[in-house]
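>>> all I have is the shape, not the residue letters:
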């Protein structure tokens with residue numbers, strides 16, 4: 001099962017859910033998907049979805065999932081990694097009205113540079129990222145406590161360099 005999460009902020013992420021429907025229609029994704037779509041207005045046609053989940057439901061869905069597809073929110077990504085899940089990260093982009101800026105690209109790059117996740121910040125590569133994880137064409141690094149500190153520090157440094 002694949003769990004997709006985009007958080008509960010007031011920004012839709014319709015492109016992601018449309019792309020997932022497209023990948024299912026093309027036969028690329030065959031697994032069951034459960035998606036938390038937040039404030040997105042696109043309603044998936046080929047998989048189950050809900051607008052929001054409680055913290056308990058979030059944890060339960062991550063534990064049930066083989067793969068987690070997450071927007072570039074460090075908390076969601078780390079929760080999936082803590083549960084030892086394969087993670088694909090996607091980024092909300094400002095130019096589509098999905099966020100106030102493109103900081104999720106940098107967050108995803110920080111996790112991807114450590115080889116903890118597969119990044120599909122360009123949604124055109126989501127199918128490839130999925131196939132790489134499913135076919136075990138990549139070997140993701142195991143997430144450990146020391147790594148958490150390193151990634152958080154990299155994100156913190158990025159924020160300091162770009163916003164202060």
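Here it is on my side, so go on. Owing to the predicted nature of the structure, the values given are computational and were not obtained by experimental measurement.
>>> which residues touch stretch 93-101?
Contact with stretch 93-101 is made by 9, 11, 12, 13, 15, 92, 102, 104, 105, as judged by Cβ atoms under 8 Å, 6 or more residues apart in numbering. Placement of C-beta: from N, CA and C, glycine included.
>>> kindly reformat those as CSV containing pLDDT, secondary structure and distance to residue 22.
As requested, the contacts of stretch 93-101 are exported to CSV (pLDDT from 0 to 100; DSSP: H, G, I helix; E, B strand; the rest coil; distance: Cβ to Cβ, whole Å):
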residue, pLDDT, secondary structure, distance to residue 22
9, 77, coil, 24
11, 88, coil, 21
12, 93, coil, 17
13, 92, coil, 15
15, 95, helix, 10
92, 83, coil, 18
102, 68, coil, 23
104, 79, helix, 21
105, 76, helix, 22
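>>> all helices of the chain, in order?
14-25, 55-64, 74-82, 103-113, 126-134, 145-163 (DSSP state H).
>>> count of residues packed around residue 10?
Using other Cβ atoms under 10 Å, residue 10 is surrounded by 7 other residues.
>>> phi, psi for it please.
For residue 10, the backbone dihedrals (degrees, to the nearest 10) come out as phi -80, psi 30.
>>> quick check: it touching residue 52?
No. Under the criterion of Cβ atoms under 8 Å, residue 10 is not in contact with residue 52, lying 11.9 Å apart.
>>> follow-up on the earlier one: and of the helices of the chain, who's closest to residue 36?
helix 55-64 (7.4 Å; Cβ to Cβ).
>>> compute the inter-axis angle for the closest one and helix 74-82.
40 degrees (axes from the mean of the first three to the mean of the last three Cα atoms, to 10 degrees).
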